[in-house]
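[1] Quick one: sequence plus predicted model below, questions after.
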Amino acid sequence: MTEPPVPPRPPHDPFDRDFYESAVREVAGPIFDTWFRPVFFRKDHLPAEGPAIIAANHSGNAFPYDGMVLDALIYEAEGGSPRKVRAVYEKELTLTWWMRPFGVDDFWRKGGGVDLTFDNFEVLLRRGERLLYFPEGVPGIGKGFNHRYELQRFSTSFVLLGARTRARVVPLYIINAEWIIPFSYTWKPLDRFLERHFRVPFLPLPWGIIAVLWPWAWYLALPAKMIFVFGEPLDVAGMVRDEGIADLDCPDREMLNAVAAKVRRRMQRELDELVQLHGTKPYRGGEWLAKLRAAGRRVFRILPTGWPVAFVRFDRDRKRPPARNAALGWLRDWDLVFWYLPFIGWPLLQLARAWRKPPYGYRGLTREERREREGRWTWRLAERPLPPAPAATGPSSSSA
């Protein structure tokens, strides 16, 4: 006898606007502004309302800083619109703690992201959401520097769902993020092993070996100047129709692949042109040094060596009273030193998380309480629905 289905929970949105805005203002924003110095072009192509799919290329080799910077940049450009663009991400980002920035609990969902499943994608589009989506998926971020700016095979899901919901598909091109880690390459047999046993989608070589031995280096990024350029919206529904696909409930898979390939080829041509225009000087060293000098005392938290301290202490400070003095403030965060210990740093960080009580660790929590706190589960909107979407307020979209 089959068990009855689990009833859905009451509507709830894990997006914590106060957490997101505070993180951008106090931690991520100063880092992004100084280290990556992002620039937006053609903002007038950013859809003010949905449904829409913002389809971006991914940078290889590195932690997904391109997506983090882009998400914050769009939010700022819209003045904190109540209809925030929703980033959809692969499950590895929540199921593995080191794929969350410095292990911050449920970071991606508190920042407005939603787990990428086919059903979730459709639900979000039918709600009229605007989605930030990387059609290359994990292969895009794990392609290695030797394949920089080479778009990997596109998923057909966004083509099919874009046609079903008549969502606009707006290409977005990310330039120079490939140079975040320019000296790493990937080896597919090793990547498959890591994905199967550790839920790590890839290990960039040789730099990844250092990152495995030295925890803070896992999140290292060189100061590449990120440039974001919107393209002309694509009529994916028309492309699907022109390909001869009439039944969107049971479409021909080869025809869908053909449409996805056409979108990829078009985006590849435009990406190549923009790289020639904006990608000849990926670091802009003089601009970067000027930004560092302007940072003054904040420079420690802006350099990559300070990022673990900046992110972890920000998250903890939201859950605890202020320290009585600076010395006690550092003493209560003694475990942060493990981020800088080679060889033994990773296991010591794991032990500290298990041994220390909240907000420093998980001692005293049940397995389910810890799982919920970490966000280490797959969010399916059929089981945990979102509340009704707020009304759009027509955010500004002036061009850069």
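    On my side now, so go ahead. Residues are numbered from 1 along each chain as shown.

[2] residue boundaries of the strands in this protein?
    Ranges of strands within the chain are 39-41, 52-56, 86-89, 114-115, 130-133, 168-175, 227-230, based on DSSP state E.

[3] what sits up against the longest one?
    Contact with strand 168-175 is made by 45-47, 51-59, 66, 70, 158, 162, 226-234, 236, 263, 266-267, 270-271, 274-275, 278-279, as judged by Cβ atoms under 8 Å, 6 or more residues apart in numbering. No exception for glycine: its C-beta is placed from N, CA and C like everyone else's.

[4] So what touches stretch 257-268?
    With contact meaning Cβ under 8 Å, 6+ apart, stretch 257-268 is reached by 55, 57, 135, 150-151, 153-156, 158-159, 169, 171, 173, 231, 234, 236, 239-240, 243, 245.

[5] For PyMOL, write the select line for the buried members of the residues you listed.
    PyMOL command restricting the contacts of stretch 257-268 to the buried ones, with burial defined by 16 or more other Cβ atoms under 10 Å:
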select buried, resi 55+57+135+150+151+154+155+156+158+159+169+171+173+231+234+236+239+240+243+245
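
[6] how about Arg376, what does it touch?
    Residues near Arg376 by Cβ under 8 Å, 6+ apart: 94-95, 97, 370.

[7] now those in a markdown table, with distance to Arg9?
    Compiled in a markdown table, those are given as follows (distance: Cβ to Cβ, whole Å):
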| residue | distance to Arg9 |
| --- | --- |
| Thr94 | 17 |
| Leu95 | 20 |
| Trp97 | 24 |
| Arg370 | 19 |
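
[8] Quick one: which of the residues you listed is the most crowded by neighbours?
    Thr94 (22 neighbours; other Cβ atoms under 10 Å).

[9] check contacts around that residue.
    Listed by Cβ under 8 Å, 6+ apart, the contact set of Thr94 reads 100, 106, 108-109, 115, 375-379.

[10] I'd like those as CSV, with pLDDT appended.
    Below are the contacts of Thr94 laid out as CSV (pLDDT from 0 to 100):
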residue, pLDDT
Arg100, 91
Asp106, 95
Trp108, 96
Arg109, 97
Asp115, 96
Gly375, 94
Arg376, 94
Trp377, 94
Thr378, 94
Trp379, 95
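
[11] Pick out whichever of those sits closest to Trp207.
    The nearest member of the contacts of Thr94 to Trp207, counting by Cβ to Cβ, is Arg100 at 20.2 Å.

[12] Find the residue closest to the closest one in space, skipping its chain neighbours.
    What sits nearest to Arg100 in space, not counting adjacent residues and going by Cβ to Cβ, 6 or more residues apart in numbering, is Phe107, at 4.5 Å.

[13] picking up where we left off before, so for Pro204, which of the strands of the chain sits nearest?
    strand 168-175 (17.8 Å).

[14] dump the residue contacts of Lys357.
    Neighbouring residues of Lys357 by Cβ under 8 Å, 6+ apart: 363-364.

[15] Output the below-cut-off pLDDT ranges for the stretch 201-350 of the chain.
    In the predicted model, the stretch 201-350 of the chain carries pLDDT under 70 at residues 201.

[16] Could you pull out the helices in it for me?
    Along the stretch 201-350 of the chain, counting by DSSP state H, counting those that start in this stretch, helices occupy 207-213, 236-242, 253-278, 285-295, 299-302, 307-317, 326-331, 345-355.

[17] Serialize those helices to TSV and add fields for distance to Leu365.
    Conversion of these to TSV gives the following (distance: least, Cβ to Cβ, whole Å):
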stretch	distance to Leu365
helix 207-213	28
helix 236-242	45
helix 253-278	43
helix 285-295	37
helix 299-302	29
helix 307-317	16
helix 326-331	24
helix 345-355	10
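
[18] among the ones you listed, which is the most enclosed?
    Mean neighbours per residue, mean count of other Cβ atoms under 10 Å, is largest over the helices of the stretch 201-350 of the chain for helix 307-317, with a mean of 20.

[19] Test for you: state the pLDDT assigned to the residue nearest to Arg100.
    For Phe107, the pLDDT comes out at 96.

[20] Same question for Thr393.
    49.

[21] Also Ser396?
    Listed pLDDT for Ser396 reads 37.

[22] switch to numbering from 110
    Got it, the first residue is 110 from now on, which makes the last one we talked about Ser505.

[23] circling back to that earlier point, out of the contacts of Thr203, name the ones that lie in helices.
    217-218 (DSSP state H).

[24] Of the contacts of Thr203 - the most surrounded one?
    Each of those was scored for neighbours by other Cβ under 10 Å, and Trp217 scores highest at 25 neighbours.

[25] which ones are touching that one?
    196, 198, 202-203, 209, 484 are the contacts of Trp217 under Cβ under 8 Å, 6+ apart.

[26] so which of these comes closest to Gly405?
    Relative to Gly405, the closest of the contacts of Trp217 is Arg209; by Cβ to Cβ it sits at 29.4 Å.

[27] Contacts only, for the closest one.
    Applying Cβ under 8 Å, 6+ apart to Arg209 gives the contacts 202-203, 215-217, 484.

[28] quick one: it and Arg195, what's the gap?
    Separation of Arg209 from Arg195 (Cβ to Cβ, to the nearest Å): 18 Å.

[29] Next: Leu457.
    As judged by Cβ to Cβ, Leu457 and Arg195 stand 36 Å apart.
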